[in-house]
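**Q** Build me a structure from this.
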Amino acid sequence: MFTNDNDRLIYEEELAPRLPEKIFDAHVHIWSKADFPADFHFHEKSCNNRFGGEFTMAMWRSIVAELLPRQECHLNCFGMPNDAADRDKLPEGALPGDFINVLVSPADPAELVEERIVRSGSTGVKPYLNYGAAFYHKPANDVEIKDMLTPSQLAMLDRRKLAVTLHIPRSGRFADKLNQRQMIELCDKYPNIRFVFAHIGRAYFMKNIYESNLDEFVKYPNAYFDTAMINHEGILKYTFDHFPAERVLFGSDAPISFLRGKSVEINNQYAYLMGEDYAVGTSIVDTENAVKFTTFFYEQLRAIINVTPKEHLADVLYNNAQRVFLR
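**A** Modelled structure (predicted):
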């Protein structure tokens with residue numbers, strides 16, 4: 001059993017009465033040990049060790065069946081964006097209603113990326129800043145959005161009318177002016193690509209989203225945001241107040257979201273309060289087990305249920321993703 005008595009009470013009292021019948025998680029990492037060299041190991045405290053160093057589709061289905069026993073659940077998934085992972089290996093076990101994205105590095109020729117997309121039936125790609133750092137020999141904090149996808153890759157994705165789930169770089173995240181400019185440039189130059197900016201532009205605390213240019217994205221119909229690892233009701237409310245709910249997608253960032261904890265804002269910063277001794281960003285671990293935690297997954301759903309305009313809850317939790325990935 002993955003859930004405990006407290007989880008089951010939260011589900012029965014808070015979630016089940018308010019959740020729609022279908023849930024779509026737009027941001028899940030699925031990978032197996034076979035995607036990595038035989039001698040590869042994550043560092044000891046890595047949250048990627050929580051489920052034995054891999055997280056397969058079968059694991060996801062099993063846990064989701066416990067967490068959301070009355071919902072029909074589907075996902076959009078990509079592999080683990082680690083430099084050691086084989087990007088030619090794609091998540092296995094997708095069922096009708098599920099979608100797969102290809103991991104992509106600027107080192108990958110557009111033709112190779114396209115071949116992987118065609119072979120797997122993928123609906124988009126997932127770049128990541130560490131790939132740009134490795135390819136351009138830059139420190140991770142110096143990577144720009146334009147370093148993450150090449151012009152030829154973007155031209156191919158635009159031609160094929162696919163999706164890009166983009167975890168933006170740089171320490172300023174959504175408040176960074178260079179990020180803001182390059183995000184808008186992508187939406188403007190490649191109108192056939194649906195850009196899903198992950199983690200609401202990584203705006204995990206209010207000052208960051210106050211200093212974003214979220215309002216500018218309203219006029220770009222190909223701009224979307226997913227909510228992965230956001231359980232801050234203020235961030236979500238600001239998003240719905242300034243951006244169409246029809247273009248916000250629920251994403252959890254599983255398997256990280258299946259750990260026990262909650263992210264909190266502290267003095268214009270954010271930290272993860274952890275009920276398990278794993279490293280997730282800036283973590284504060286409850287080593288004395290003083291707090292009874294549920295999962296990040298449930299904390300995210302709590303916040304979304306509380307803040308999403310009621311008439312759009314089914315859209316955010318299911319329907320919007322169909323418009324992005326069902327092509």
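**Q** Would you map the strands across the stretch 51-200 of the chain?
**A** Taking DSSP state E, counting those that start in this stretch to define them, one finds strands in the stretch 51-200 of the chain at 72-78, 99-104, 124-127, 163-166, 194-197.
**Q** Arrange the ones you listed in JSON lines, one row each, with mean pLDDT, mean neighbour count and distance to Ala228 as further columns.
**A** C-beta coordinates here come from the backbone N, C-alpha and C atoms, glycine included. Putting the strands of the stretch 51-200 of the chain into JSON lines (pLDDT from 0 to 100; neighbours: other CB atoms under 10 Å; distance: least, CB to CB, whole Å) gives the following:
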{"stretch": "strand 72-78", "mean pLDDT": "98", "mean neighbour count": "22", "distance to Ala228": "11"}
{"stretch": "strand 99-104", "mean pLDDT": "98", "mean neighbour count": "26", "distance to Ala228": "13"}
{"stretch": "strand 124-127", "mean pLDDT": "98", "mean neighbour count": "26", "distance to Ala228": "12"}
{"stretch": "strand 163-166", "mean pLDDT": "98", "mean neighbour count": "25", "distance to Ala228": "9"}
{"stretch": "strand 194-197", "mean pLDDT": "98", "mean neighbour count": "25", "distance to Ala228": "10"}
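**Q** Out of the ones you listed, which is closest to Ala26?
**A** The closest of these to Ala26 is strand 72-78. By CB to CB, the value is 4.7 Å.
**Q** Can you list the strands that the closest one pairs with?
**A** The partner list of strand 72-78 in its sheet, established with DSSP bridges, is strand 22-29 (parallel), strand 99-104 (parallel).
**Q** Present those as TSV; the columns should include distance to Val285.
**A** Formatted as TSV, the strands paired with strand 72-78 follow (distance: least, CB to CB, whole Å):
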stretch	distance to Val285
strand 22-29	22
strand 99-104	30
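**Q** wait, which of those strands is closest to Thr3?
**A** Per CB to CB, nearest to Thr3 of these: strand 22-29, 15.7 Å.
**Q** What mean pLDDT does that closest one get?
**A** Here strand 22-29 scores 98 as its mean pLDDT.
**Q** Pull the residues that contact it.
**A** For strand 22-29, contacts defined as CB atoms under 8 Å, 6 or more residues apart in numbering pick out 55, 60, 64, 68, 71-81, 165, 196, 198, 226, 228, 249-256, 314, 317-318, 321-322, 324-325.
**Q** follow-up on the earlier one: out of the strands of the stretch 51-200 of the chain, nearest to Ile305?
**A** Per CB to CB, nearest to Ile305 of these: strand 72-78, 15.9 Å.
**Q** quick one: buried residues of stretch 26-43?
**A** By neighbour count with 16 or more other CB atoms under 10 Å, stretch 26-43 contains the buried residues 26-32, 35-36, 42.
**Q** just to revisit the earlier point, so among the contacts of strand 22-29, which ones count as buried?
**A** 55, 60, 64, 68, 71, 73-81, 165, 196, 198, 226, 228, 249-256, 314, 317-318, 321-322, 324-325.
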